[in-house]
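Asks: Please work out how this folds:
(chains A and B)
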2 protein chains.
Amino acid sequence: MNAEILCFGSEILHGDIVNSNAQYISKKMAEIGINVYYHSVVGDNHNRMEEAFRLAFERVDIVICTGGLGPTQDDITKEILAKYHQVKMVYDEDSYSHVKQIYQRLKKDMPESNIRQAYFPEGSIVLHNAFGTANGCLLEKNGKTAVLLPGPPKEVMPMFEELVIPYLMKYSDGVIVGRKYIVTGLGESTTEAMILDLIENQTNPTIATFAGNGRVVVRVTAKAKSKSEAEGLIIPVEIELLKRLEGYIYRSETIDVGEHAAKMLLNHKLTIAVAESCTGGLVSAKLINFPGISSSFLQGFITYSNQSKVDTLGV
Amino acid sequence: MNAEILCFGSEILHGDIVNSNAQYISKKMAEIGINVYYHSVVGDNHNRMEEAFRLAFERVDIVICTGGLGPTQDDITKEILAKYHQVKMVYDEDSYSHVKQIYQRLKKDMPESNIRQAYFPEGSIVLHNAFGTANGCLLEKNGKTAVLLPGPPKEVMPMFEELVIPYLMKYSDGVIVGRKYIVTGLGESTTEAMILDLIENQTNPTIATFAGNGRVVVRVTAKAKSKSEAEGLIIPVEIELLKRLEGYIYRSETIDVGEHAAKMLLNHKLTIAVAESCTGGLVSAKLINFPGISSSFLQGFITYSNQSKVDTLGV
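Replies: Numbering: from 1, shown residues only, chains lettered A, B, ... in the order given. This next block holds a predicted model:
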C-alpha cells in the first residue's frame, strides 16, 4: 500500500505558510509502515484539484488530503472528490449539529454558508473534528482510499492520530522504524565511501545519507511485522556503522539537538541555566520544549542589550 | 509563465524535515509575479523522479528543483534531467575546482565520488554554490526552463536570490503584491459573508480568506506591471475591507505576530523586557528575530523554576 499526501491551499503555493501537515502525516504514516511516495500541493482551483485527484488515484492506493473543508466558496475538496467518484453529496445531521453547537457556544448566529460543512460524498465515514467546524471524511471506492482533513494543523493532528491512524492500520503490513545517526567532522561523500558496501548490499534495512546544516545524517530504515522485529534488523547495521565511523558518529533518536541535550541533562540529573544573546531565547525554548525538563532547567537570561549583559551576567 | 516546485528527497517523504525550500521559493516567485501552480515531492527513486520531470514539463513552463545534487549514489537529479532531455553530461572545470578548493580548505582529501559534482547536463548554465560543494544548474530546452538547486535551505536561499531570481526576471510580466489582514472575533464564514460581493466581483486583486490558529486571514493579491501599480489596485479594496470589518480587522504586513509587535515597538520608540515561563524563550525569540530590534529589546528572563520567579521577578 502506497500513499500520497495531497494538500490544497493557495496559501501554501504563495509561500504564506509552510506545509507542516505533509511532514506530520508523513511521519505518522512511516510509523505504521505505509510508504508515502508523493507530496503534492495545488491551489484552490477546480480543474487542477480534479486533475490532482485523478493523478493521485492513478499512482497510489491511499490519498490523504488537507484543506478545502471550510465553509467558504473556495472550499471545494469534498465536492471535487464526489464529482471524481460520481457520487452525490449527502447531508449528515451530526455534522450539522456539530457546527451549530460551536456557534451556540460562541453565542453567535451560524452563517448560512456553514451548512456546506454538513455535506459529504455519499458513502463516506465522517471524521469528527474536535477543534473546529470542519469535519473530515474517509471514502473507500474502487479499491482506493481517500481521507479528507481540514487545513489547520491543530485540527489535522488530533484527527489523524485518533481517527485516521486506527482506520489505516488494516493496510499496514508492518511497521517502519527509522533510526538516525549524526556524523560530524566528515563530509557526506566521505561518509558514504566508508559505508558504501553496506548501502549497496542492504535492502532491509535501507541505509541513506543526507546532508544539511553542516552535518551528515545517516538514516537506517527497517520494515518488519513488529517494532521489535524491525529494531532487531537495525541492530547489526548499527553496530557496523558505529564501528566504521567511530569518533565521528552518534546515534540520535531525533535530529533535534534540543531534545538530545535535554535527555542528557535529565539522564545525568544535571541542572542548567542558560544565558543567550543573539539566539534570543531559542536555546532555552529548545530545551523547554522537552517534557519533564522542569527538574533540570532552572532559568534563562536573554541579555540582548549590552547593559543587560553587564547587569545580569557581570560580563 | 507558470511554475512548479519539485523537491527530491526521501527525508521529506519520511517526515524527517519540513519542506521549507518550497515555501521560500514560492514566496520569492510571487514577488516576481510568476505563478507557482504546484509543489511536488518525490523520493530518490529513478523512475518516480523521471516521471515527475515529465509531468512537470507537461503542465508548467518553469520547474524549480531542489535536492539530489550531492556526491552520493542517490543524488541523481542532474542525470535524470539529462536523460529526460536526451543530452549528455558534460564536465565543468570550474565546478571541479570549486569542490577541490572546499576540500583543500578543510585540509581533507576529496573523495573520488565528488567528481560527479562537476558534471552537468549539456547546455546548462552552472549556478555557483557559495555555501557547499553542490553547484546547481539552469537548463532551457524545448521552451521549458529547469532550475536545479541543492537540498540544504542555507545553500538554496542565496543561490535562488542571487542567481535564479535575476535570471527568471525575463519571464516576469509584472509583480504580485499580497497583503494580509487579520480578522479576530469573527469566524471564517461570517467574515466571508460580510465581504462576499467583493470576493465574487474581483479578479485583480483577488480576495481570499483562510483560517488557522484561531483567527481568519484575508489575503488580497494584486498583479501589475510594477509594485506601486499593484499597491494602487489594492488600496480601494483595503479601504472597503477595513470599513466592512471595522473593529475586527487589522492590516498586517505579515501574519507573524512577533514581527508585527516588533514593528509597533520600533515605530513608537518603546523599549521592552520580557519575562516568560512555559513559552521558554519563544516570545523573546519572536521579537529578536526582527532586524533592528536591539534598540527596543533590552532583556528577557525565562523564569521556568518557581525559585527563579521569586528571585528574579519578585512574584
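
Asks: Mind pulling up the pLDDT for A:Thr72?
Replies: At A:Thr72, the model reports a pLDDT of 87.

Asks: Write out the residues of the stretch 201-315 of chain A neighbouring chain B.
Replies: Within reach of chain B by CB under 8 Å from any CB of the partner chain, the stretch 201-315 of chain A has these residues: A:208-213, A:217, A:219, A:221, A:255, A:274, A:276, A:278-285, A:287-289, A:294, A:297-305, A:307-308, A:312. Placement of C-beta: from N, CA and C, glycine included.

Asks: Among the residues you listed, which ones are in strands?
Replies: A:208-212, A:217, A:219, A:221, A:274, A:276, A:297-303 (DSSP state E).

Asks: I'd like to know which of the residues of the stretch 201-315 of chain A next to chain B are buried.
Replies: A:208-212, A:217, A:219, A:221, A:255, A:274, A:276, A:279-285, A:287-288, A:297-305, A:308, A:312 (16 or more other CB atoms under 10 Å in any protein chain shown).

Asks: now for the helix or strand that contains A:Glu11, which elements pack on it?
Replies: Per DSSP states H and E: A:Glu11 is located in helix A:10-13. Counting contacts by 3 or more CB pairs under 8 Å, 6 or more residues apart in numbering or on different chains; DSSP states H and E, helix A:10-13 packs against strand A:35-42, helix B:20-31, strand B:35-42, strand B:206-212.

Asks: Can you list the neighbours in contact with it?
Replies: A:17-19, A:41-44, A:74, B:22-23, B:26, B:36-39, B:208, B:210, B:217, B:219 (CB atoms under 8 Å, 6 or more residues apart in numbering or on different chains).

Asks: ok, 6 Å please
Replies: By CB atoms under 6 Å, 6 or more residues apart in numbering or on different chains, the residues outside helix A:10-13 that reach it are A:17, A:19, A:41, A:43-44, B:26, B:36, B:210.

Asks: returning to what we had before: can I get the helices and strands packed on helix A:10-13 in TSV including distance to B:Glu122 and mean pLDDT?
Replies: Shown next, in TSV, are the helices and strands packed on helix A:10-13 (distance: least, CB to CB, whole Å; pLDDT from 0 to 100):
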stretch	distance to B:Glu122	mean pLDDT
strand A:35-42	29	97
helix B:20-31	25	95
strand B:35-42	24	97
strand B:206-212	41	84
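
Asks: what about these, which gets the closest to A:Ser124?
Replies: Nearest to A:Ser124 among the helices and strands packed on helix A:10-13 is strand A:35-42 (21.3 Å), distances taken as CB to CB.

Asks: what are the pairing partners of the closest one, and which direction each?
Replies: Sheet pairing for strand A:35-42, assigned by DSSP bridges, gives strand A:2-8 (parallel), strand B:35-42 (antiparallel).

Asks: could you give the mean pLDDT of the helix holding A:Glu11?
Replies: 92.

Asks: Dump it to CSV, restricted to CA.
Replies: C-alpha atoms of helix A:10-13 as CSV (Å, rounded to 0.1, in the frame of the first residue of the first chain):
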residue,chain,number,x,y,z
SER,A,10,-3.2,28.7,-2.4
GLU,A,11,-1.6,30.0,0.8
ILE,A,12,0.9,27.2,0.6
LEU,A,13,1.7,28.0,-3.1
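
Asks: which residues in the stretch 151-300 of chain A form helices?
Replies: Secondary structure of the stretch 151-300 of chain A by DSSP state H, counting those that start in this stretch: the helices cover A:153-159, A:165-168, A:188-201, A:227-244, A:257-267, A:282-288.

Asks: Closest residue of the stretch 101-250 of chain A to chain B?
Replies: Closest residue of the stretch 101-250 of chain A to chain B, CB to the nearest CB: A:Ser189 (3.7 Å).

Asks: And that residue, how close does it get to A:Leu69?
Replies: 45 Å (CB to CB, to the nearest Å).

Asks: how far out from the middle of the chain is stretch A:115-135?
Replies: How far stretch A:115-135 lies from its chain's middle: 22 Å, per CA atoms, centre = their mean, to the nearest Å.

Asks: hmm, I was thinking of stretch A:116-136
Replies: Centre-to-centre, stretch A:116-136 and its host chain are 21 Å apart (CA atoms, centre = their mean).

Asks: and what of stretch A:248-261?
Replies: Distance, stretch centre to chain centre, for stretch A:248-261: 19 Å (CA atoms, centre = their mean).

Asks: So which bits of the stretch 51-200 of chain A are right by chain B?
Replies: The stretch 51-200 of chain A comes close to chain B at residues A:70-72, A:111, A:113-114, A:152, A:188-190, A:192-193, as judged by CB under 6 Å from any CB of the partner chain.

Asks: now, the most widely separated pair of the residues you listed?
Replies: Greatest spatial distance in these: A:Pro111 and A:Ala193, 62.5 Å, computed using CB to CB.

Asks: out of those two, which sits in the busier spot?
Replies: Using other CB atoms under 10 Å in any protein chain shown, the more surrounded residue of A:Pro111 and A:Ala193 is A:Pro111, with 21 against 17.

Asks: How many residues are close by the spatially closest residue to that one that is not a sequence neighbour?
Replies: In space, and not counting its chain neighbours, A:Pro111 is closest to B:Ser189: 4.2 Å by CB to CB, 6 or more residues apart in numbering or on different chains. By other CB under 10 Å, the residues close to B:Ser189 number 27.

Asks: Serialize the contacts of helix A:10-13 to TSV and add fields for distance to B:Ile239.
Replies: Shown next, in TSV, are these (distance: CB to CB, whole Å):
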residue	distance to B:Ile239
A:Ile17	27
A:Asn19	33
A:Val41	33
A:Gly43	27
A:Asp44	25
B:Ser26	28
B:Val36	29
B:Phe210	22
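
Asks: hmm, which of these are the buried ones?
Replies: A:17, A:19, A:41, A:43-44, B:26, B:36, B:210.

Asks: Of those, which is the nearest to B:Ile125?
Replies: B:Ile125 lies nearest to B:Val36 out of these, by CB to CB, at 21.5 Å.

Asks: The nearest residue to A:Met1 once chain neighbours are set aside and A:His14: what is the separation?
Replies: Sequence neighbours aside, A:Tyr171 is the residue nearest to A:Met1 in space, at 4.4 Å (criterion: CB to CB, 6+ apart). Distance, A:Tyr171 to A:His14, using CB to CB: 34 Å.

Asks: Those two: which has the busier surroundings?
Replies: A:His14 (21 against 15).

Asks: surely the more buried one meets B:Ala30?
Replies: Yes - applying CB atoms under 6 Å, one finds A:His14 in contact with B:Ala30, separated by 5.4 Å.
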